[in-house]
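Visitor: Sequence and computational prediction follow.
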Amino acid sequence: MTDHVLKVEDLSVSFPQSGGRARILHNVDFALERGTVLGIVGESGSGKSTAALAVLGLLDNGGSIDSGRVVIDGEDLYAKSAEERRQLRGGKISIVFQDPFTTLNPAIRVGRQIAEPLVMHRGMTEAEARAETLRLLKEVGIPDPERMAASYPHQLSGGMKQRALIASALACDPDVLILDEPTTALDVTIEAQILDLLDSLRITRSLSMLFISHNLGVVSRICDEICVLYAGRVVEYGKSASILTEPRHPYTKGLLASLPKMSRERHRLQPIPGRLPDVRKPLSGCVFAPRCHFAEPRCQTTPPAITPIGEDVAAACWRASELARTPWRIESSETIPRRVDAGDGKPIVVARDVERTFEAGGAMDGISFSLDGWVPRVSFGRKVVRAVDKVSLTIHEGEIVGLVGESGSGKTTLGRCLIDLISPTSGEVAIDGAQLLNASRSEKRDLLKRAQIIFQNPDSSLNPRKSIGETLERPLELVGLGREERQRRVAELLDLVRLDASYAERYPHQMSGGEKQRVGIARALSTNPRFIVCDEAVSALDVSVQASILNLLLDLREQFKLAYLFITHDLSVVSYIADRICVMRNGTIVEVGSTEAIIDRPQHPYTKALLAAVPKVPELRANLDR
Amino acid sequence: MAGYVLKRLLSIALTMAVMSVLIFWITQVMPGNVAYMILGDFASPQDVATLEAKLGLNDPAYVQYLRWATGLLQGDLGRSLVMDRPIAPVLWDAVGKSAILAGISIGLVALLGISLGVYAGVRHGRISDHIVSVATYINIAIPEFLWAIVIVMLFAGYLNWFPATGYSDLSSGFASWARHLILPVFTLVTGLIAHISRLTRSSMIDTMQTQYVRAARARGLPEKLVIRRHALPNALLPTITILAIDVGIMMGGIVVVETIFSYPGLGRLLMFAIQNMDVPLLQACMMVITFVYAAANLIADLLYAFLNPKVRYGRSSSE
C-alpha cells in the first residue's frame, strides 16, 4: 500500500457571493504520496489556490467546506477544532505563498518573522530560535544569515525573500509543504535558483510537496504527479511525465497546444475558444463541453466521472481513451515565416543614443546628512538612476522586435521613450523619418498617431466608468472624426480584434481579461498606427487566452504591415512572436540578433543564462511520432 | 536616522520662518490704527504721532518685521499694548493651562479612537462593528459647539454635576481640578475620537486583508498575536499622520471651547487679543499655535519612522 501523507477526498468548497453561495471546488480528490511532489495545475478561476488554503485549514472570507475530508497523516483536519487546526499550521502543514514582496511584514525584521513557528510550535526560547533561524537560512542558501536575519524586508531582493520564506516554512519539519505559485513573481533566473533549491531540499529532507502552479514548464520540472483542475473540478490526474507528453483530457491538450515553445519554427498556436463557465449557473454535463470541439451529445447531458485510462493516468472525459493520441487540433504543417529581410525594409522607428535618468525622492531628499564622529556633514545632490543608458535601436516596417529583460532592466522605460510617454533625457527618436523629441506640438501629435501602445494590465488601462464604445471613440474624437464616422470606425475596430459589434455597449467589468486586452489592441489600432509598443501585453493573461492574443497580433501585423516592439520577460513568448530579439540588462542592450540566432547561438553570457533558466515543457508524444 | 531627524528639524525651522512672515503680514494689514486703539478715539493727533513714533509704527514694514523676529529669536515676545506689560508671563500661563486641556484631550483621542477603531476593524461586518460605526457617524456629524451647549445645559444646568465655567488650580484639590476639566475635554474629544476610530477601522480592515497577515496565520500564530504583532503597527501608520493633523483641528476647537467654558487658556487669550486689536499679543499667540502644530507633526514623523523601517533605513535595497 502506498503511504499517503495527504489525502483530499470528495472535497467541495463554497464562498458567499451576492445572492447565495458560489461553489469553487467540486468533489475534488487527490492524494500526495510521502516524499513526492504533486502539482496542482490550472488557469485562473480553476480553484487551485482555494484547494491549497483548504488543505491548510485557512479558508478565509467566509469560505466553507460543504463536503469531503482533508486527511493529513491519517487525521481528519476538519474533524478537529479551529484551535487544533491552528496548531497544525506552520508545524505539520506549512505554505510558501506566491509573492515574497507582500508576504513579509514590512515592519518586522526578517529573522524574527522566520523564527515565529519555532517559538510557536517547537517551544523554543527567543535565543534558541535565533540560532535555529540562522541554521535554516544557511540551509536555504543564504550567504550571510546574520545580516539577513537583521534586515527588514525592503532591504532584500525578491529571491532572497522567497528563500527566507521557504526557510520559515521548513522550520518545523512539515509533513506537507504547500507551494502556491512560489516562483511566479520572480525573474526567470531567480526562478531557476529557487527551483534548484526546492529540488535539493526535497532530497535532503525527503519533503512531501503540494506544488500549485499555472506554469506547465515549472510543473514538468519538479512534479512527480499532476492534478489538472478546471473550473473547480479535477479533469485529469496522474503521472506528470505521462500527462505532459500524452494528455488524455481535451482541456489538458488545449492547454499544451496554447503554449508558445522556444523553437526555430513557428506554427500557429491553437487556443481554447470560449471562457470559463459562470460559477453561479447550474451546469449539466461535462464542465468543459462548451469549449471542447470533441464534445458529443452525451457530453452535454451527463458529466463524466474521473476514470483510470491506462496505468498511470485518470481523466474525466467520455472520449479519453479513444482520443489518447489525438492532438487538440491538427497542427497545420505550414509555418509562419519570420522576417529575416529586416535590413531591406523601411525603418519606422529609429532611436539613437536614447538615455533616460531618474532622480530619486522629493525636494528634501536632495539634502543628505551624515555624522562624521559628532560633526554633522551636509551634502547636496540627489541619487541619479540611469534607467536607459544610451540605447540605439531601429525597427523596420512590419517587423516584430522582441525586447526581453528582467525586472529593473529598463525595458519598459525604453519602450515608453520611443513614443515619448516618458521623455528621454538625451538622444534622438525618429518616427517615419521625422524627429519626434524636438517636434512642435502639432507635429508631435501627428507623429504619435503613428505610434501607439498596448499596456500589460487590461483591468487598469481601461476606464471602468466608460463603455467600450466611448473608450474607443475618444482617440477618434481627438483626431477630429464626426459622430457617425466614429461609430462606424468603432464597429470596424471591434471586428478587427474579433469582437462582436455589441461589445461597444459593454463596460469593462462585463468582460473577461482576454476580451479586455482585445479592446486595448483595438484602441491602439484606432489611429491607423505604423508602430505599436506591446508592453507585457500578454503577461497578465492565462495561457489559453494568451495564445489567441498572440495569434491576433500576428494576423494584424500581416494585415497592416505593423511593426511591434514586443516587451516581455517571457522568453518563450518572445521567441515565438519576434523576428528579432534584443536582450536588455541594466539599461543597455547586451545582445541583438535574429530570433533564430539568439535561441540557437546566444553569444552574451547573460543571454545564455536567461535561456538556460527557462523551464521547458517536454515535446508531445504525438508530435514526436510524426 | 540622525540624518532623518536633522532633515525634519530643518523643515520645521523653515516652516516657522515662513509662518512668521505670514503672521506678521496678516496682523499688519488688519483694520484699525493701533495708536488710536490705545489712546481712545478722541486722542489728539499729536499724542497719536508721538505714540506711533515710540512704537516704531512709522518704520518700513521689513524693519518692523526684523525687529520683531530678532526679538522672538532672543525669547522676547514683546509687550502687550492693551495690558501694557510683557507678554511672556501671561502667555506661558495661558499656554500651560491649555496644554493641560489639549494634552488630556489628544491622549484620550489617541487611546479611545484607536481602541474603538481596532475593535470595530477586527470585527468587520459583525453587529459590534455596526454599532461602533453608527455611533461614530453621529459624533462626526455633530459640531463641537452644539455638543458644548447641550452638555452644559444638561450636566451643569439641569443636573448640576459639574461647573459650567472656569478653571481650578491643581493646588486647590484634584477633585475640583478634574471637575472643571471634564466638560471642556468631553466637548473637544467626541468628534475627534469618532474621526480617528473611523480611520483606524478602515486601515485595520485593509491590513487584516494583507498577504503578510495571512502568512502569519499560516504560521499558526493565534489571532490575538496576529493582530497585535503583525496588523496593528502597520495599521497605525495612517492614523499617526492624521493624529498630528487633528492637533491642528484641536487648536481651533480650543478657541471655541475655552470661550464657551470661560477657560483661561491660549484660546481665550487669542480671542482677547483679536477683540482688543492687541497686535503683539496676537502675533505671539499665533506663533505659539504654529509651533505646537509643527512640533506635533515632528513627533508624528518620528513615530512614523519608528514604526516604518523604510523611512528609518532609507530605501537602499540590495537588489
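Guide: Sure thing, it's come through. Numbering: from 1, shown residues only, chains lettered A, B, ... in the order given.
Visitor: What lies in contact with stretch B:163-182?
Guide: Stretch B:163-182 is contacted by residues B:97, B:100-101, B:104, B:152, B:156-157, B:162, B:183, B:261-265 when judged by CB atoms under 8 Å, 6 or more residues apart in numbering or on different chains. In short, each C-beta sits where N, CA and C put it, glycine included.
Visitor: Recalculate using a threshold of 6 Å.
Guide: With CB atoms under 6 Å, 6 or more residues apart in numbering or on different chains as the test, stretch B:163-182 has contacts from B:152, B:156, B:162, B:261-264.
Visitor: out of these, which are inside helices?
Guide: Among these, no member falls in helices (DSSP state H).
Visitor: Turn those residues into TSV, columns for neighbour count and distance to chain A.
Guide: Shown next, in TSV, are these (neighbours: other CB atoms under 10 Å in any protein chain shown; distance: CB to the nearest CB, whole Å):
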residue	neighbour count	distance to chain A
B:152	20	44
B:156	16	46
B:162	18	42
B:261	25	41
B:262	13	43
B:263	24	38
B:264	15	40
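Visitor: and of those residues, the nearest to residue A:84?
Guide: When the contacts of stretch B:163-182 are compared for distance to residue A:84 (CB to CB), residue B:162 wins out at 53.3 Å.
Visitor: close enough to count as contact, that closest one and residue B:155?
Guide: Yes - the pair formed by residue B:162 and residue B:155 meets the contact definition of CB atoms under 6 Å, at 5.2 Å.
Visitor: The nearest residue to residue A:139 once chain neighbours are set aside: neighbour count?
Guide: Excluding the flanking residues, the one nearest residue A:139 by CB to CB, 6 or more residues apart in numbering or on different chains is residue A:167, at 6.9 Å. When neighbours are counted by other CB atoms under 10 Å in any protein chain shown, residue A:167 registers 29.
Visitor: Test my guess that residue A:167 contacts residue A:134.
Guide: No - the pair residue A:167 and residue A:134 does not pass the contact test of CB under 6 Å, sitting 9.9 Å apart.
Visitor: Quick check: buried residues in the worst-scoring helix or strand of chain B on mean pLDDT?
Guide: Within chain B, no helix or strand scores below helix B:34-39, which has a mean of 72 by mean pLDDT, DSSP states H and E. Neighbour counts using 16 or more other CB atoms under 10 Å in any protein chain shown place B:34-38 of helix B:34-39 among the buried residues.
Visitor: Flag every buried residue along stretch A:517-533.
Guide: A:517-527, A:529-533.
Visitor: low-confidence ranges in the chain?
Guide: No chain specified, so I'll use chain A. For chain A, the stretches with pLDDT under 70 are A:1, A:330-334, A:340-344, A:360-382, A:622-626.
Visitor: looking at chain B here, not the other one
Guide: Looking at chain B by pLDDT under 70, you get B:1, B:30-33, B:314-319.
Visitor: in the stretch 101-250 of chain A, which spans are strands?
Guide: Here the stretch 101-250 of chain A has its strands, by DSSP state E, counting those that start in this stretch, at A:176-180, A:209-213, A:225-230, A:233-239.
Visitor: Distance to chain B and mean neighbour count for those - can I get that in a markdown table?
Guide: Formatted as a markdown table, the strands of the stretch 101-250 of chain A follow (distance: least, CB to the nearest CB, whole Å; neighbours: other CB atoms under 10 Å in any protein chain shown):
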| stretch | distance to chain B | mean neighbour count |
| --- | --- | --- |
| strand A:176-180 | 9 | 24 |
| strand A:209-213 | 13 | 26 |
| strand A:225-230 | 21 | 26 |
| strand A:233-239 | 24 | 23 |
